[in-house]
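# Turn this into a structure:
(2 chains)
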Amino acid sequence: MATLNVNIGNLRLKNPVMTASGTFGYGLEFQDFVPLDGIGGIIVKGTTLRPREGNDYPRMAETASGMLNCVGLQNKGVDYFCEHIYPQLLPTGGTYIVNVSDSSPEDYAECAARVNALEQIPAIELNISCPNVKDGGMAFGVTTKGAASVVRAVRERYNKTLIVKLSPNVTDICEIARAVEAEGADSVSLINTLMGMAVDIEKRRRVLSIGTGGLSGPAVKPVALRMVYQVARAVKIPVIGLGGIMTAEDAIEFLMCGATAIEIGTANFIDPAVTIKVRDGINDWLDRHGCKSVQEIIGTIE
Amino acid sequence: MEEQKKYVLDLSVAGVERLHERYVLLRLTQKEQLPPMMPGQFVEVRVDRSPGTFLRRPISINFVDRQRNELWLLVAMVGEGTRQLACLKEGDVLNVVGPLGHGFTCQSGATALHDVLLVGGGVGVAPLLYQGAFLKSLGVKPTFLLGARTSKDLLMLDEFRKYGEVYITTEDGSEGEKGFVTQHTILQKQRFDLIQTCGPTPMMRAVARYAYQQGIDCEVSLENMMACGLGACLCCVEKTTEGNLCVCKEGPVFNIKRLLWQL
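Numbering: from 1, shown residues only, chains lettered A, B, ... in the order given. Have a look, this model is predicted:
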């Protein structure tokens, strides 16, 4: 048994396997398949200050080795989360991180402040990279100024571990990462989905209701690996890697590229027990290679 | 409604029956007893050996044969994934997640169900077989009204006849009455207190409109495009009186009173 625990700022994870926001619900949906307390961290569905209905159907299109989605942050708002969902999470023993999204620095900060009050939520992931909402979302994540403005506003109202989720839909992801690090982010997670499109040639129109959506799944893994590798060298704070991870081997690639932890997203739709399999697979690989701790492989690729 | 425990199962193929050029009946089994499953629920099937198929395919539960410990799936070949499923052979293993979602009403609290009409079209007849059998086991004799383009497109009629009267419409008149299900004379002759329907959306809308106008309770089984099947990704939503709801988790069966269909 290798040691699997890793630290993201002050947040200690029992293993480096987390779930990507929007792909694992609130964890409760997967209780029949995996022990929730066996996952390093469960990042719950994107939460906003006010309830949101999200975009119209169709919100999904299958693609070669992946899928597009344009859900658009459907959620019942942060107060509903605090009052109705949070109490259900406590008995599961899982480590929960809330993905916070919104449309203005003030609303991001207010939403984060309300999550700050929840004793058993040790961290938030700030989503400045949702490609599927008009007002805000990715708008903040594509400029250093925008990214910095949100992180600055949230940092004033949030004193626990602050992870910032970065968009790959930028010219230079490293400069965004450095900008949020400078504003006090404890970690960056990347990549969010790549903006894409699907066409229905019989109906002669775009498949998704808003025309475009975010691409995820194994199709994006090479792009994600490259960006994780670059960002891990550009910042001092820990990097969380995600994008198309389906297996333990995929996860190990991200760790070797410099990710301290990883998130599993779309793979949860194909195998609802994948998180635990990846955790065990990482451990087995470390054992087979004589590594006593996962730390021995993080960022080891030149 | 009580939540059914969900499983990931590696089921072995006990039989593959080509019912039609576009439809295949898969009979699946395992050594252990199959878990409880309710009519109208579905499973998410992983399609192996099909590089273009990334996501699982949601397939409704056609029948559960408890004596032979078999789960039946009626698969319509609509794309690469479902065509690959049709190529399965006896002894192959199929990975399924289920049972998922909320199915048809089987009991109605204080007032027992009496005259239930099950209306199916195309591959949409699939879940009505299990529902019909289930109702019969509860002492409610269902009536089936099945529609198809031609007589060749009618599926599993002998199975349906085991559980209730079967009435048929075909668009070309090659079997039963000519026309659509909503034009069948049984609707004039007999009064029903619940209609449950599954089939192409235009058919279900027509059935829902008929039920609404007649003041008959009506449930429809939706098949919005899904990814996770577990209510996590929020891709398959339908607009309802309670906002956007996941068809995979809150449905696939909805009472039409909950939907925002213009009837």
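# domains of chain B?
Listed by automatic domain parsing, the domain ranges of chain B are B:7-100, B:116-221.
# and chain B, which of its residues are near chain A?
B:5-8, B:46, B:52-56, B:97, B:224-239, B:243-244, B:249 (Cβ under 8 Å from any Cβ of the partner chain). Yep, even glycine has a C-beta here, placed from its N, CA and C like the rest.
# Using PyMOL, define a selection of the buried residues within those.
Buried subset of those, written as a PyMOL selection, criterion 16 or more other Cβ atoms under 10 Å in any protein chain shown:
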select buried, chain B and resi 6+7+46+53+54+55+56+97+224+225+226+227+228+229+230+231+232+233+234+235+236+237+238+244+249
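# What distance do you get for the closest residue in space to A:Q31 that isn't next to it in sequence to A:V231?
Nearest residue to A:Q31, sequence neighbours excluded (Cβ to Cβ, 6 or more residues apart in numbering or on different chains): A:T92, at 7.1 Å. Here the criterion is Cβ to Cβ, to the nearest Å. By it, A:T92 lies 32 Å from A:V231.
# Those two: which is more packed in?
Neighbours per residue, other Cβ atoms under 10 Å in any protein chain shown: of A:T92 and A:V231, the larger number sits with A:V231, 26 against 16.
# hang on, that one in a helix?
Yes: applying DSSP: H, G, I helix; E, B strand; the rest coil, one finds A:V231 inside a helix.
# okay, now the closest residue in space to it that isn't next to it in sequence: neighbour count?
Spatial nearest neighbour of A:V231, chain neighbours left out: A:A177 (4.6 Å); criterion: Cβ to Cβ, 6+ apart. A:A177 is flanked by 25 other residues according to other Cβ under 10 Å.
# What pLDDT is listed against the residue nearest to A:Q31?
A:T92 carries a pLDDT value of 97.
# Contacts only, for it.
For A:T92, the contact set (Cβ atoms under 8 Å, 6 or more residues apart in numbering or on different chains) comprises A:27-28, A:31, A:36-37.
# Export these as JSON lines, with columns for neighbour count.
As requested, the contacts of A:T92 are arranged in JSON lines below (neighbours: other Cβ atoms under 10 Å in any protein chain shown):
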{"residue": "A:G27", "neighbour count": "25"}
{"residue": "A:L28", "neighbour count": "19"}
{"residue": "A:Q31", "neighbour count": "14"}
{"residue": "A:L36", "neighbour count": "23"}
{"residue": "A:D37", "neighbour count": "12"}
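# which one of the residues you listed sits closest to A:I240?
Distances from A:I240 to the contacts of A:T92, taken as Cβ to Cβ, are shortest for A:G27 (17.5 Å).
# Just give the number of residues close to the closest residue to the closest one other than its chain neighbours.
Excluding the flanking residues, the one nearest A:G27 by Cβ to Cβ, 6+ apart is A:I42, at 4.5 Å. Using other Cβ under 10 Å, A:I42 has 25 neighbouring residues.
# so A:I42 makes contact with A:G93?
No: A:I42 is beyond contact range of A:G93, at 10.8 Å (criterion: Cβ atoms under 8 Å).
# which residues are in contact with both of the two?
Listed as contacting both A:I42 and A:G93 by Cβ under 8 Å, 6+ apart are A:L36.
# List, one by one, the residues from chain A near chain B.
Contacts of chain A with chain B, taken as Cβ under 8 Å from any Cβ, map to A:22-25, A:29-30, A:32-33, A:45, A:53-54, A:57-60, A:62-67, A:69, A:71, A:74, A:217, A:266, A:268-273.
# try 7 Å
A:22-25, A:29-30, A:32-33, A:53-54, A:57-60, A:62, A:64-67, A:69, A:71, A:74, A:217, A:268-270, A:272-273 (Cβ under 7 Å from any Cβ of the partner chain).
# Which of these are buried, as a ChimeraX select command?
Only the buried members of these enter the following ChimeraX selection, criterion being 16+ other Cβ under 10 Å:
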select /A:22,23,24,25,29,30,32,33,54,57,58,59,60,62,65,66,67,69,71,74,217,268,269,270,272
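# So which of the residues of chain A next to chain B are in helices?
Counting by DSSP state H, those place A:268-270 in helices.
# Could you check which residue of the stretch 151-300 of chain A lies nearest chain B?
A:F269 (4.3 Å; Cβ to the nearest Cβ).
# Surely that residue is in contact with B:A227?
Yes: between A:F269 and B:A227 there is a contact under Cβ atoms under 7 Å: 4.9 Å.
# Common neighbours of the two, please.
Common neighbours of A:F269 and B:A227, using Cβ atoms under 7 Å, 6 or more residues apart in numbering or on different chains, are B:55, B:233.
# the strands in the stretch 151-263 of chain B, which residues?
B:165-170, B:177-178, B:194-198, B:217-221, B:237-240, B:243-246, B:253-255 (DSSP state E, counting those that start in this stretch).
# what are the bridge partners for the closest residue to B:L260 other than its chain neighbours, then?
For B:L260, ignoring the flanking residues on the chain, the nearest one in space by Cβ to Cβ, 6+ apart is B:K239 at 4.7 Å. B:K239 has the following beta-bridge partners by DSSP bridges: B:N244.
# What of A:V239?
Under the criterion used (DSSP bridges), A:V239 bridges to A:V188, A:A259.
# quick one: contacts for it?
Residues near A:V239 by Cβ under 7 Å, 6+ apart: A:188, A:228, A:231-232, A:258-260.
# Burial check on B:R258, number of neighbours?
Residues contacting B:R258 under the criterion other Cβ under 10 Å number 16.
# Show me what the one helix or strand in chain A whose mean pLDDT sits lowest is packed up against.
In chain A, no helix or strand scores lower on mean pLDDT, DSSP states H and E than helix A:138-141, which sits at a mean of 84. Judged by 3 or more Cβ pairs under 7 Å, 6 or more residues apart in numbering or on different chains; DSSP states H and E, helix A:138-141 is in contact with helix A:144-157.
# immediately after the helix it packs on, which helix or strand?
Later in the chain than helix A:144-157, the nearest helix or strand by DSSP states H and E is strand A:161-165.
# pLDDT of that next one, averaged?
98.
# Show me what the very next helix or strand once past that strand packs onto, helices and strands only.
Remark: after strand A:161-165, the chain's next helix or strand is helix A:173-182, criterion DSSP H and E. Counting contacts by 3+ Cβ pairs under 7 Å, 6+ apart, helix A:173-182 packs against helix A:144-157, strand A:187-190, helix A:221-234.
# Name the stretch among those that sits most buried.
strand A:187-190 (a mean of 28; mean count of other Cβ atoms under 10 Å in any protein chain shown).
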